[in-house]
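Asks: Show me the folded form of this:
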Amino acid sequence: MSTTAQPAARVQLSPLGRCARAIKRPLTAVLGAMLLLGSTALPATAAGPPQVFEDPFAFTGPDFTHRLVVFINTSRESFCTEEQVGRELAIVEWIEGGMVDPFPEWALERPAGFRTWTPKVIDSPHGVIGHLNESDQHTELWRMDAPEDSYGVGACLDSDDREELFATGTATIKATATDLFEGGLRPAAVDHVRGSADLVGTDGRDYRYSFSWRLILPCPEPPGRPCEVARFALSER
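Replies: Predicted coordinates:
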């Protein structure tokens, strides 16, 4: 990986990763809701002022631009329990089985993070909306496995071949999510996770890292399907 400044990259990718060009992305909405706030288990709120909840959510995600796997509010060691690896394998097996069986929703459970987050949720005229703003979160970047082994649906499986830490530090993470409890996303919606981190690499260098995952409906390709737009930037400080 180059240690010079990297331009932000705008790419359209499915949470299934590059392993599945033939797969149509039916998991995007499900994984997007889980990826954004981890708040799908919260009860719907009545109209009125925002309700604040507590959720020890561990955020993970793939960075295909720099071939990295992101862990926020957790460590790879803490997150990648035997149970979590089993969940990720269940999703991969469902994909490789042609996605004809019911999706294993139990596999969307995940280990708790280090710190409790406090997302704010409000029932607005436009649907249930969640907001998150957390700072000083433990962050790790691990090198991603080879493309043929990087499914994009599980941080543990995406980094289990190399098991090579790239950098650690702290991050600020913000998120906005819509229609969390109404059984689907609106006909037109933008859900967004973004943030930045100050990191120290295993090579001794200081890095600045920024990330943005945006779930968009409808997606122009294929028409009417949800998709992700991701932007990442990595540079030395």
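
Asks: what separates residue 97 from residue 235, distance-wise?
Replies: With distances taken as CB to CB, to the nearest Å, residue 97 is found 41 Å from residue 235. (Each C-beta comes from the backbone N, C-alpha and C, glycine too.)

Asks: who has more neighbours, those two?
Replies: The neighbour comparison of residue 97 against residue 235 (other CB atoms under 10 Å) goes to residue 235, with 15 against 9.

Asks: Show me what the host helix or strand of the more buried one is packed against.
Replies: Assigned by DSSP states H and E, residue 235 belongs to strand 225-236. Helices and strands touching strand 225-236, by 3 or more CB pairs under 8 Å, 6 or more residues apart in numbering; DSSP states H and E, are strand 11-13, helix 28-36, strand 206-219.

Asks: Specify the angle between it and strand 206-219 in degrees.
Replies: Here strand 225-236 points in a direction 170 degrees away from that of strand 206-219 (axes from the mean of the first three to the mean of the last three CA atoms, to 10 degrees).

Asks: and strand 225-236, which strands flank it?
Replies: In the sheet, strand 225-236 lines up against strand 11-13 (antiparallel), strand 206-219 (antiparallel) (DSSP bridges).

Asks: which of those strands has the lowest average pLDDT?
Replies: The minimum mean pLDDT among these belongs to strand 11-13 (a mean of 32).

Asks: Determine the next helix or strand in the C-terminal direction from the lengthiest helix in the chain.
Replies: Identified as the longest helix of the chain according to DSSP state H is helix 82-96. Per DSSP H and E, the first helix or strand lying C-terminal to helix 82-96 is strand 120-124.

Asks: Can you name every helix or strand that that next one contacts?
Replies: With contacts defined as 3+ CB pairs under 8 Å, 6+ apart, strand 120-124 has these neighbours: strand 51-52, strand 127-143.
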